[in-house]
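> Sequence first, predicted model second:
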Amino acid sequence: MNIHEYQAKTLFEQYGVPVPKGTAATTPGECIAALAQLPEGPTMVKAQIHAGGRGKGTFTDGFKGGVKYCKTKAEALEIAGKMLGNTLVTLQTGPAGRKVQTVYFTGASAIKKEYYLAILLDRTTSHPVIVASTEGGVEIEKVAHATPEKIHKVFVDPACGLADFQVRELIFKLGLTGAEAKNAAKLIRNLYTCYWDTDAAMVEINPLITTPAGEVLALDAKVSFDDNALFRHPEIVALRDLNEEDPKEIEASKHALNYIALDGNIACLVNGAGLAMSTMDIIKHFGGTPANFLDVGGGATREQVVAAFKIILGDANVKGILVNIFGGIMDCNVIAQGIVEAVKEVGLKLPLVVRLEGNNAVAGKATLAASGLALVSGDTMADAARKIVKLVA
Ligand code: ADP
Ligand code: MG
């Protein structure tokens, strides 16, 4: 789960990670109230969307920049009016962009130097890793590619926590001394506690800055959480912004389905993540493109299958459907009944290829045959994939 910059900064403040003072707003009236809480002077207006690269982004009406420096609060109010309700396209949003429904006002800081700092989970070592660089404010992927020696990593033993020598190592690598070093050390320790306590998947500050006064501040904040740990953080779940999520994925999460929308046109309904991955692969192999990843799980109920099928049918990009089930725990007949029930409710105008194998497959095939549904059956995975690719071509 992702949250907005302004929410991440509130979280940072709670953990003692310094940020410039700021307030968020969703309407012109709220903008006036929000600005009233900030001192007069240079103010930043920042579009709040769950995507980075806002500074270099462009709105669909041609207005440039989702992060704007304004000399006065009056100017900030005017700029916020141009952002609210407008759609911002950045390198991370895809061409459709994201509608800006919240803006964040924050004092413009005097920047001495920009750095990069992030904490995430390194899956190879199963350790949290702190990533830091003197090359902040720019795309970190480019830095990692062109000058990998400028990316510094410290792996933290999760049982021992972050050690002082590791913090000193990071400070040294960033070339910080005096007050800056002291402030940065405190910030890194507090950020690690924030990452750990909230079960974050990633906390990223780009840029982290030093100011002429020796302060160290998080100017941007990106935080995402491990969905599997959300059950123990109701206060974090409350920060979820459904405006930022694909409605199909929201619907899927209500039914505990593992669904991810993709940009192809062949929908897949599969049981098991591994089979779902290989189903997408085989569609690609035969020249098609998957419209989604959908794993209904090992013990899906008929209701879940109905919900899954409806989500698929609600996707305007979908031109054909491939159901690929290998029944181990899953009863193939439950899938078949779910498909029939969903089609009864919402109809089916698209080609449908079904491959049922394993537990109760014979009964499943009989249910489908008795329903009179116009479907094509696939004998093997390859056969089914080849057929659906041909049908949507
Ligand atoms: P994004 O990464 O989405 O482009 P950022 O929050 O990193 O958004 O903002 C882009 C750039 O704008 C930053 O690299 C920084 O140079 C500048 N900036 C952002 N917030 C402030 C601020 N409060 N004061 C001064 N400059 C800022
Ligand atoms: Mg940034």
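Looks like it arrived, so ask away. Ligands and ions are numbered 1, 2, ... in the order given.

> where's the closest residue to ligand 2 within the stretch 251-393 of the chain, which helix or strand?
Closest contact between the stretch 251-393 of the chain and ligand 2, by C-beta to the ion, is at Ile260 (25.0 Å). For glycine as for every other residue, the C-beta is placed from the backbone atoms N, C-alpha and C. In this structure, Ile260 sits in strand 258-261 according to DSSP states H and E.

> again with Phe326
Using DSSP H and E, Phe326 falls in strand 320-327.

> repeat for Gly274
helix 273-285.

> Who are the packing partners of the next helix or strand after that helix?
Per DSSP H and E, the first helix or strand lying C-terminal to helix 273-285 is strand 292-295. When contacts are defined as 3 or more C-beta pairs under 8 Å, 6 or more residues apart in numbering; DSSP states H and E, strand 292-295 sits against strand 258-261, strand 266-270, helix 273-285, helix 302-313.

> Dump these into CSV; add mean pLDDT and distance to ligand 1 as well.
Below are the helices and strands packed on strand 292-295 laid out as CSV (pLDDT from 0 to 100; distance: least, C-beta to the nearest ligand atom, whole Å):
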stretch, mean pLDDT, distance to ligand 1
strand 258-261, 91, 23
strand 266-270, 96, 33
helix 273-285, 96, 30
helix 302-313, 91, 31
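
> Out of those, which is the most enclosed?
Comparing these on average neighbours per residue, with mean count of other C-beta atoms under 10 Å, the densest one is strand 266-270 at a mean of 28.

> quick one: contacts of that strand?
Contacts with strand 266-270, where a contact means C-beta atoms under 8 Å, 6 or more residues apart in numbering, come from 276, 279-280, 283, 288-296, 305, 308-309, 312, 315, 318-325, 335, 388-389, 392.

> could you give the angle of that strand to helix 273-285?
In this structure, strand 266-270 runs at an angle of 150 degrees to helix 273-285, with axes from the mean of the first three to the mean of the last three C-alpha atoms, to 10 degrees as the basis.

> Start at 637, not 1
From this message on, residue numbering opens at 637, which makes the last subject strand 902-906.

> so how far is strand 902-906 off the chain centroid?
Going by C-alpha atoms, centre = their mean, to the nearest Å, the spacing between the C-alpha centre of strand 902-906 and its chain's C-alpha centre is 22 Å.

> ditto for stretch 840-849
Between the centre of stretch 840-849 and the centre of its chain there are 24 Å (C-alpha atoms, centre = their mean).

> Pop the domain breakdown of the protein in here.
According to automatic domain parsing, the chain is divided into the following domains: 657-743, 749-873, 882-1028.

> can you put those domains in CSV and add distance to His640?
Written out in CSV, the entries for those read as follows (distance: least, C-beta to C-beta, whole Å):
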stretch, distance to His640
domain 657-743, 4
domain 749-873, 9
domain 882-1028, 17
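
> burial measure for Lys692, as a count.
By the other C-beta atoms under 10 Å criterion, the neighbourhood of Lys692 contains 14 residues.

> Please tell me I have it right and it contacts Thr726.
Yes - contact status for Lys692 versus Thr726: in contact at 6.9 Å, counting by C-beta atoms under 8 Å.

> before we move on, back to that, tell me the first helix or strand C-terminal of the strand holding Phe962.
Using DSSP H and E, the helix or strand that follows strand 956-963 in sequence is helix 968-982.

> so how far is that next one from its chain's centroid?
Using C-alpha atoms, centre = their mean, the distance from the centre of helix 968-982 to the centre of the chain it belongs to is 31 Å.

> Longest helix of the chain, counting residues only.
In the chain, assigned by DSSP state H, the helix with the most residues is helix 814-833.

> what sits against Ala892?
Contacts for Ala892 (C-beta under 8 Å, 6+ apart) come out as Gly933, Gln940.

> what about the residue in the chain that ligand 2 sits nearest to, neighbour count?
In the chain, the residue that lies nearest ligand 2 is Asp856 (3.5 Å; C-beta to the ion). Residues contacting Asp856 under the criterion other C-beta under 10 Å number 22.

> With the one 10 residues further on instead?
For Leu866, the neighbour count with other C-beta under 10 Å is 14.

> pretty sure Val765 is in a strand, no?
Yes - checked against DSSP: H, G, I helix; E, B strand; the rest coil, Val765 lies within a strand.

> Show me what it is bridged to.
For Val765, the beta-bridge partners under DSSP bridges are Leu756, Phe791.

> check contacts around it.
Under the criterion of C-beta under 8 Å, 6+ apart, the contact list for Val765 reads Ile755, Leu756, Leu757, Asp758, Lys789, Val790, Phe791, Val792.

> list the contacts for Lys692?
Neighbouring residues of Lys692 by C-beta under 8 Å, 6+ apart: Gly701, Thr726, Leu727.

> Then Asp856?
Taking C-beta under 8 Å, 6+ apart, we find Asp856 in contact with Glu641, Gly688, Glu840, Ile841, Asn842, Pro843.

> Likewise for Lys985?
Residues touching Lys985, when contacts are defined by C-beta under 8 Å, 6+ apart, are absent altogether.

> Ignoring the adjacent residues along the chain, who's closest to the residue of the stretch 887-1029 of the chain closest to ligand 2?
Nearest residue to Ile896 in three dimensions, chain neighbours excluded: Phe929, at 4.4 Å (C-beta to C-beta, 6 or more residues apart in numbering).

> quick one on the thing from earlier: would you confirm that the residue of the stretch 887-1029 of the chain closest to ligand 2 contacts Pro926?
No - with contacts counted by C-beta under 8 Å, Ile896 stays clear of Pro926, the gap being 9.9 Å.
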